[in-house]
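# quick one: sequence and predicted model below, then my questions.
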Amino acid sequence: MKHWLREPFFHVLWIGLLLVTGYRSQGAALGLPKPSAVPQLRQGASVSPKVSFRQLFFPLGGEGGNPQERAVRALKALSVDPDSAEAINQADHSRFSSYYSNSSREQLISLFGPQFTDSVFGLKTGAWRGPIKSAHGWHLVWVDSIKGKDRQGG
């Protein structure tokens, strides 16, 4: 046997070639489609929109009075200083994450309900908005981005 056949590199190469050529012939026998027959996403095809946002949550029945009024007071403070510690400290941080990244409509509906989800996907980016009602209470939301959706005016 030739010396080069004993080298590990050639063993790996040989096994790789066997796997690739074996898959191609067996794939046809199994009825798998050729790669060219698999439909590709067309330019501009519908993609499920994803939203990334920060949120402050004010629960129903929480401490400190009416949650909607507390959210309104916090929004006023955030309009002066978007990183207002006073406003952030008024929110409940124990139930939900303060940041959601690339969340789908389905994910948000399961967490917050359809009313909240529709509102968030309709917001403009780059500022605190709200209060927005969910199944659990009131939220202030800062949308960083919405991807996969035609947005008009924002």
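Sure, I can see it. Residues are numbered from 1 along each chain as shown.
# the residue lying closest to Thr117 once chain neighbours are set aside: which element?
For Thr117, the nearest residue in space outside its immediate sequence neighbours is Leu108; the separation is 4.2 Å by CB to CB, 6 or more residues apart in numbering. To be clear about C-beta, it is placed using only N, CA and C from the backbone, and glycine gets the same treatment. Under the criterion DSSP states H and E, the helix or strand holding Leu108 is helix 105-112.
# and if you look at Leu75?
Under the assignment here (DSSP H and E), Leu75 is part of helix 67-80.
# quick check: buried residues in that helix?
Judged by neighbour count (16 or more other CB atoms under 10 Å), helix 67-80 contains these buried residues: Pro67, Arg70, Ala71, Arg73, Ala74, Leu75, Ala77, Leu78.
# now the helix holding Leu108: mean pLDDT?
For helix 105-112, the mean per-residue pLDDT is 96.
# residues touching stretch 61-77, excluding its own?
Judged by CB atoms under 8 Å, 6 or more residues apart in numbering, the contacts made with stretch 61-77 from elsewhere in the structure are 56, 58-60, 84, 86-88, 90-92, 128, 130-131, 133, 137-140.
# what's the PyMOL line that selects buried ones from the residues you listed?
Selecting only the buried members of those in PyMOL, with burial defined as 16+ other CB under 10 Å, works like this:
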select buried, resi 56+58+59+84+87+88+90+91+92+128+130+131+133+137+138+139+140
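# what about the strands in this protein?
Chain-ordered strands for the chain, with DSSP state E as the definition, fall at 50-59, 99-104, 128-133, 137-147.
# so which of these gets nearest Pro114?
Across those, Pro114 has its closest neighbour in strand 128-133 (11.2 Å, CB to CB).
# just the CA trace of the closest one, in CSV.
What follows is strand 128-133 as a C-alpha-only set of coordinates in CSV (Å, rounded to 0.1, in the frame of the first residue of the first chain):
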residue,chain,number,x,y,z
TRP,A,128,-40.6,55.8,25.3
ARG,A,129,-44.3,55.1,24.4
GLY,A,130,-47.3,54.2,26.4
PRO,A,131,-48.8,53.3,28.7
ILE,A,132,-49.8,50.1,26.8
LYS,A,133,-52.3,47.6,28.4
